[in-house]
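In: Okay, sequence plus prediction incoming.
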Amino acid sequence: MQRREFIAILGGAATWPLTARAQQPKTPVIGVLATRGRDDDPQLLAALRQGLNEAGFVEGQNVTLEYRFAENQYDRLPELAADLVRRQVAVIVANGPAAVIAKATTAAIPIVFTAGFDPVKIGLVASLSQPGGNITGVSILDVELGPKRLEMLHRLIPAAKSFGVLVNPSDANRTDVIIKDMQSAAQGLGLQIHVLRASTDGELNAVFESLVRLQAGGLVIGGEPFFNSRSKELGALSIQHAVPTIYQLPSFAAAGGLMSYGASLTDSYRLAGVYTGRILKGEKPSDLPIQRATKVEMIINLKTAKALGLSIPLELLGRADEVIE
């Protein structure tokens, strides 16, 4: 072998691994844009990762997750969304108000949302069957259940003529729908509602103090990410102030709230994880119809009912998925 040929072979062998490494696919990065705090509701992120696993993606192995938490300060969401866009993530997963901000921030990066409101009504997607654009996700049956929750409280406390409705003013799209629906439901039942607003822990305490002064018969909590992250605290406050209260999450009833009535958030996050995996494999968000998490569970805390001097009608007890005694 000639010396020149030998050097050429060595040179090719030296460069081949570098070329091969350059051709290896990059690990995709998913941006998670969350309204909640870093340590709020860890079970939801676990459900998201479970959905990704079902689609063939495991965090730290063949996919990376970049988390951005607004810490319940919704005015931080635009900055956090812009940061993920600069990061050039492959997909953005966003909940509720964060999804609205994500859509306003990018028309190029696919977005998968979880939301407890009608995404068509607020203009997030064109339709449930054909969302269009760069966004799809899971719509959780929640806001629509507000009137039903009011009706349940009215059955439990028929003598009461007014009830409180708790909303988060930072989540304007959802709040407007909740107030409109609840006012219509109250009118049909011959009731008055007091709209109470809270977006911080301190304001939550003030809400329950206001209910006592207003002599409201009870409280309906409007489904919302900040309230979801404080469901146990809300349950404790309802006991502390002896206010019959109904909310969406089972953890609320388990913490002392009178009743919970709503769809599973963990299942919706799992479904969002599956959709995210499908997009990473090449499917387009516009081709993935909005999924609806419609299975509803009712939990009644009978111990709380007795403490409040309330008798639960047999009809409601028979419909309950769980009774806490």
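Out: Nice, I can see it. Numbers count the residues shown, from 1 in each chain.
In: Now do the strands in the chain.
Out: Assigned by DSSP state E, the strands in the chain fall at 29-34, 64-69, 91-95, 111-115, 135-140, 162-167, 192-197, 219-221, 245-247, 259-263, 291-293, 296-301, 322-324.
In: and these, which one's lowest on average pLDDT?
Out: Across the strands of the chain, strand 291-293 has the smallest mean pLDDT, namely a mean of 87.
In: Run through who's touching it.
Out: With contact meaning C-beta atoms under 8 Å, 6 or more residues apart in numbering, strand 291-293 is reached by Leu128, Gly137, Val138, Ser139, Ile140, Leu141, Ala263, Ser264, Asp267, Ser268, Leu271, Tyr275. For the C-beta atoms, the positions are set from N, CA and C on the backbone; glycine is no exception.
In: quick one, which of the strands of the chain is nearest to Asn173?
Out: When the strands of the chain are compared by C-beta to C-beta, strand 111-115 sits nearest Asn173, at 9.4 Å.
In: now the angle between strand 91-95 and that closest one, please.
Out: Calculated by axes from the mean of the first three to the mean of the last three C-alpha atoms, to 10 degrees, strand 111-115 forms an angle of 10 degrees with strand 91-95.
In: Distance to Gly51 and mean neighbour count for the strands of the chain - can I get that in CSV?
Out: Listed next are the strands of the chain as CSV, based on distance: least, C-beta to C-beta, whole Å; neighbours: other C-beta atoms under 10 Å:
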stretch, distance to Gly51, mean neighbour count
strand 29-34, 11, 23
strand 64-69, 12, 17
strand 91-95, 10, 28
strand 111-115, 10, 28
strand 135-140, 10, 27
strand 162-167, 29, 23
strand 192-197, 33, 17
strand 219-221, 27, 28
strand 245-247, 25, 29
strand 259-263, 16, 26
strand 291-293, 11, 19
strand 296-301, 20, 21
strand 322-324, 25, 16
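In: In a markdown table: those strands, plus distance to Asp41.
Out: Below are the strands of the chain laid out as a markdown table (distance: least, C-beta to C-beta, whole Å):
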| stretch | distance to Asp41 |
| --- | --- |
| strand 29-34 | 9 |
| strand 64-69 | 11 |
| strand 91-95 | 10 |
| strand 111-115 | 12 |
| strand 135-140 | 14 |
| strand 162-167 | 18 |
| strand 192-197 | 22 |
| strand 219-221 | 16 |
| strand 245-247 | 14 |
| strand 259-263 | 14 |
| strand 291-293 | 16 |
| strand 296-301 | 17 |
| strand 322-324 | 20 |
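In: Break the chain into its domains for me.
Out: As given by automatic domain parsing, the domain ranges for the chain are 29-140+264-294, 143-263+297-324.
In: and Ile178, how far is that from Lys148?
Out: Counting by C-beta to C-beta, to the nearest Å, the gap between Ile178 and Lys148 amounts to 13 Å.
In: These two: who's more crowded?
Out: Higher neighbour count among Ile178 and Lys148: Ile178, with 27 against 15, using other C-beta atoms under 10 Å.
In: Correct me if wrong: that one contacts Leu166.
Out: No - using C-beta atoms under 8 Å, Ile178 is not in contact with Leu166; the gap is 9.3 Å.
In: and for those two, which residues touch both?
Out: Taking C-beta under 8 Å, 6+ apart as the contact rule, Ile178 and Leu166 both touch Gly222.
In: Output the lowest mean pLDDT helix or strand found in this structure.
Out: Across the helices and strands of the chain, mean pLDDT, DSSP states H and E gives its lowest value to helix 3-23, namely a mean of 44.
In: Gly123: which of the strands of the chain is closest?
Out: Closest to Gly123 of those, according to C-beta to C-beta: strand 135-140, at 11.0 Å.
In: okay, the angle between that closest one and strand 91-95?
Out: Between strand 135-140 and strand 91-95, the angle comes out at 30 degrees (the same axes, to 10 degrees).
In: Show me what strand 135-140 is packed up against.
Out: Counting contacts by 3 or more C-beta pairs under 8 Å, 6 or more residues apart in numbering; DSSP states H and E, strand 135-140 packs against helix 97-105, strand 111-115, helix 265-280, strand 291-293.
In: Put the alpha carbons of it into PDB.
Out: Provided in PDB are the C-alpha atoms of strand 135-140 (Å, rounded to 0.1, in the frame of the first residue of the first chain):
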ATOM      1  CA  ILE A 135     -53.500  23.800  18.000                       C
ATOM      2  CA  THR A 136     -55.400  20.800  19.300                       C
ATOM      3  CA  GLY A 137     -56.000  19.300  22.700                       C
ATOM      4  CA  VAL A 138     -58.500  18.100  25.300                       C
ATOM      5  CA  SER A 139     -61.600  19.900  26.500                       C
ATOM      6  CA  ILE A 140     -62.600  19.000  30.000                       C
END
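In: I'm done for today, thanks for sticking with me.
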